[in-house]
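Participant: quick one: sequence plus predicted model below, questions after.
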Amino acid sequence: MQAAWLVILIVVIYMAILAAISFLVRRASRSATTFTTGGKKFPAALIGFLLASEFISTTASIGTAQEAYSSGVSAAWNIIALGIGFVLFSILLARRFNDLGEITISGALARGYGERVRTATSVIMICALLIVAVSVYASGGAILASLLNLNRSWSIVLVGVLATAYVSVGGMRSVVYTNFLHAVVKMVGIVLLALVAVNRVGGLSELHAALPARMFSWDGVGWAQIGAWLLAGIGATFATQYVVQAVTTVASPRQAQIASFYSALVLVPYGLLAAVIGMCSAALYPRINTIQALPVFVVDLSPVLAGIVVAGLAGAMFGTIAALTIGASTLLLKDFYQPYFNRAGDERRNLIFIRLATVATGLLPISLALFAQDVLTVTFLAKSLRAALALLVLMMFFSPRFGTRTGAFWSILLALPATIGWFLAGNPFGIDNAYIAVMTPLVVMSASHLFRRRSSANSAADAPLEPAREPAS
């Protein structure tokens, strides 16, 4: 009982630190512009840790260990894919997004494909972000409830309310600073658990002896699944609102590239460590519920170390929820409130709206999370939806003459029901919904491009011929 209270005390202190950071930076959020941008340029390292922290949710941590319990080290591809995505993002897109100066993914796509695409992109992005929020609340709340011996529903509500509160007070600047703290605590926590897990097994050599060889194969989950993870992970980094929003807060395009590389340096080892924990759990506890593959080692820690690990799991929730709420509320402000309800640009009204939108997008998923069950696969669906937008981003920057504005608009409209429908149908024929998300805009844009060329050719063929000129005498 005393150990449990010590763990809870450490977590409460951690939450108090988050609240203090938000309170101290609240002056940087006195306008809607500073609320959404942080009001200053941040170092690349800080933004790199921010970006990594946003993607390491409780679902990613627990889910990777859970998958590794059954599939082995290849489960690490789930997070390594995000690291690869950030390396490619650094090379291909970071400079371009920073040069563009748009703080929303919808605004960036609107530059190339028009205002209709802005609205459609905003809708699909808000849906994807809220889907992730439901998953994070449900999985994180359930895990923290079991670790702290709390009621699951109250754990979900508590985390949701606290995360929403510190974002609505401090805005983007509080998200930057607190997510840096989250990233550090998460890395410390996952390293501690990995060391405890490997020590309990007796070392890596004993782990090899205790598990079948297939658990150490890098393609254990199958290349089709790895390919789907890569598509969804790379797509999520290429076309996620809070990634675009974050890379515009550094001083230069070069700094945006460096920040993206820092993210990869955090994500890749994190994925490997989470997978090792799951494998150690499979060796030691072959009959437990797989969702407990990571939490089962927390009980082996001293109360202080357990408190750090649990704080890291809480930070995984806080960090992701903070990014989701600031991203979704920024889209609501830029793409819906300002164009339709505040065309005069009253900054006071914008600030009131962005704070209310942050509260709404933070609290709304809580009610859905209380009833959510299959949360791990739902998170992957949200990544797939963003992969559809990622293809349009690549086309806009590298092949702006391919397709049409109408094709881009219909690509987004069709990608949403096609991807979700394929997911609900159970991924027929073994084809993951991530492939459907990418193929839909590719097919639609190709069709619109061919139709435009044919129309242009027909117009030229139907044009009246110029009369032949008489030869000069």
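Facilitator: On my side now, so go ahead. In this text the structure is predicted, and so the values were computed from the model without any measurement.
Participant: tell me the SS of Leu150?
Facilitator: Put simply, Leu150 is coil when judged by DSSP: H, G, I helix; E, B strand; the rest coil.
Participant: state the distance from the residue lying closest to it once chain neighbours are set aside to Val359.
Facilitator: Take Leu150 and drop its neighbours on the chain: the residue closest to it by C-beta to C-beta, 6 or more residues apart in numbering is Leu144, 7.0 Å away. All C-beta spots, glycine's among them, are computed from the backbone N, C-alpha and C. Here Leu144 is placed at a distance of 22 Å from Val359 (C-beta to C-beta, to the nearest Å).
Participant: again, but for Ile126
Facilitator: Counting by C-beta to C-beta, the separation of Ile126 from Val359 is 15 Å.
Participant: which residue ranges form the helices in the stretch 1-150 of the chain?
Facilitator: Assigned by DSSP state H, counting those that start in this stretch, the stretch 1-150 of the chain shows helices spanning 2-24, 32-37, 44-55, 58-71, 77-92, 94-100, 105-113, 115-148.
Participant: with the stretch 301-450 of the chain instead?
Facilitator: For the stretch 301-450 of the chain, the helices defined by DSSP H, counting those that start in this stretch cover 303-332, 338-341, 347-369, 375-398, 405-424, 433-462.
Participant: just name the most buried of these.
Facilitator: Highest mean neighbour count among the helices of the stretch 301-450 of the chain (mean count of other C-beta atoms under 10 Å): helix 303-332, with a mean of 26.
Participant: the inter-axis angle of that helix versus helix 58-71?
Facilitator: 120 degrees (axes from the mean of the first three to the mean of the last three C-alpha atoms, to 10 degrees).
Participant: mind showing which ranges of the stretch 1-150 of the chain have poor pLDDT?
Facilitator: For the stretch 1-150 of the chain, the stretches with pLDDT under 70 are 1-4, 27-29, 31, 38-39, 59, 142-143, 146-148.
Participant: what about Asp219, which SS state?
Facilitator: coil.
Participant: find the nearest non-adjacent residue to it, please.
Facilitator: Ser74 (6.0 Å).
Participant: how about the helices of the stretch 1-150 of the chain in a markdown table, adding distance to Leu313 and mean neighbour count?
Facilitator: Shown next, in a markdown table, are the helices of the stretch 1-150 of the chain (distance: least, C-beta to C-beta, whole Å; neighbours: other C-beta atoms under 10 Å):
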| stretch | distance to Leu313 | mean neighbour count |
| --- | --- | --- |
| helix 2-24 | 9 | 16 |
| helix 32-37 | 28 | 22 |
| helix 44-55 | 13 | 25 |
| helix 58-71 | 6 | 26 |
| helix 77-92 | 15 | 24 |
| helix 94-100 | 30 | 19 |
| helix 105-113 | 29 | 23 |
| helix 115-148 | 6 | 23 |
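Participant: before we move on, back to that, and the helices of the stretch 301-450 of the chain as CSV, adding mean pLDDT and distance to Leu162?
Facilitator: Listed next are those as CSV, based on pLDDT from 0 to 100; distance: least, C-beta to C-beta, whole Å:
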stretch, mean pLDDT, distance to Leu162
helix 303-332, 82, 7
helix 338-341, 88, 29
helix 347-369, 85, 10
helix 375-398, 77, 20
helix 405-424, 88, 31
helix 433-462, 78, 33
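Participant: and those helices: which comes nearest Pro286?
Facilitator: helix 375-398 (20.8 Å; C-beta to C-beta).
Participant: re earlier: using a markdown table, lay out the helices of the stretch 1-150 of the chain together with distance to Ser399.
Facilitator: Below are the helices of the stretch 1-150 of the chain laid out as a markdown table (distance: least, C-beta to C-beta, whole Å):
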| stretch | distance to Ser399 |
| --- | --- |
| helix 2-24 | 43 |
| helix 32-37 | 30 |
| helix 44-55 | 26 |
| helix 58-71 | 32 |
| helix 77-92 | 13 |
| helix 94-100 | 13 |
| helix 105-113 | 10 |
| helix 115-148 | 16 |
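Participant: so which of those gets nearest Leu351?
Facilitator: helix 32-37 (4.8 Å).
Participant: what comes into contact with that closest one?
Facilitator: 28-29, 39, 103, 171-173, 245, 248-249, 326, 330, 333, 347, 350-351, 353-355 (C-beta atoms under 8 Å, 6 or more residues apart in numbering).
Participant: residue contacts, the residue nearest to Asp219?
Facilitator: Contacts of Ser74 (C-beta under 8 Å, 6+ apart): Ser217, Trp218, Asp219, Gly220, Val221, Ile226, Ala275.
Participant: how does it look with 6 Å?
Facilitator: Going by C-beta atoms under 6 Å, 6 or more residues apart in numbering, Ser74 touches Trp218, Asp219, Gly220, Val221.
Participant: mind putting these into a markdown table with pLDDT, neighbour count and distance to Thr404?
Facilitator: Shown next, in a markdown table, are the contacts of Ser74 (pLDDT from 0 to 100; neighbours: other C-beta atoms under 10 Å; distance: C-beta to C-beta, whole Å):
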| residue | pLDDT | neighbour count | distance to Thr404 |
| --- | --- | --- | --- |
| Trp218 | 92 | 13 | 41 |
| Asp219 | 90 | 13 | 39 |
| Gly220 | 88 | 21 | 43 |
| Val221 | 88 | 22 | 38 |
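Participant: state the pair within these that is farthest apart.
Facilitator: Trp218 and Val221 (9.4 Å).
Participant: mind checking what secondary structure Val176 has?
Facilitator: When the rule is three-state DSSP, Val176 gets the label helix.
Participant: state the distance from Ala145 to Leu416.
Facilitator: 33 Å.
Participant: an error on my part: the question was meant for Phe353.
Facilitator: In terms of C-beta to C-beta, Phe353 sits 25 Å off from Leu416.
Participant: and for Gly319?
Facilitator: For Gly319, the distance to Leu416 - C-beta to C-beta - is 27 Å.
Participant: please apply the same query to Ala360.
Facilitator: According to C-beta to C-beta, Ala360 and Leu416 sit 21 Å apart.
Participant: lovely, talk soon.
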